[in-house]
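In: Coordinates only, no sequence provided:
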């Protein structure tokens, strides 16, 4: 999806947009970019260029490891909406459902039981949504 907003142009933005799409999917990214208004566009630019174009593009960690870190951080911060988003990203980056459950168990010790319960509910909701979408595609 191409936007006509001038702030959504440039090499760094395009690099970040590509990585963001690969991890989170076109549908989510298109919705986020399309929803940007005069107030939120600068934040979308910042996230796309620096989070996705700079940090996610660094060679020091692969995408699987970055996903593991994000799951742990989102769980610890109790950010369930972002956690769900990053469960999908982790699956796109090659983590298995079993590995995601293991990150939740690990986090239960370091982040606490309430955070792990919320993360488990979030992961299960994403798994259900994905299974239902797959059944619809196959049926």
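Out: Ah, there it is. Just so you know, these numbers come straight off a predicted model, no measurement behind them.
In: Got the domain ranges for this structure?
Out: 6-55, 63-138 (automatic domain parsing).
In: Of those, which shows the lowest average pLDDT?
Out: Ranked by mean pLDDT, those bottom out at domain 6-55, with a mean of 93.
In: next one: that one to chain centre, how far?
Out: 12 Å (C-alpha atoms, centre = their mean, to the nearest Å).
In: for stretch 112-128, same thing?
Out: The answer for stretch 112-128 is 15 Å, by C-alpha atoms, centre = their mean.
In: what do you get for stretch 83-99?
Out: Counting by C-alpha atoms, centre = their mean, stretch 83-99 comes out at 8 Å from the chain centroid.
In: List the contacts of it.
Out: By C-beta atoms under 8 Å, 6 or more residues apart in numbering, the residues outside stretch 83-99 that reach it are 22-25, 28, 63-64, 66-68, 70-71, 74-75, 100, 118-119, 122-123, 125-127, 130. Every C-beta, even on glycine, is put in place using the N, C-alpha and C of the backbone.
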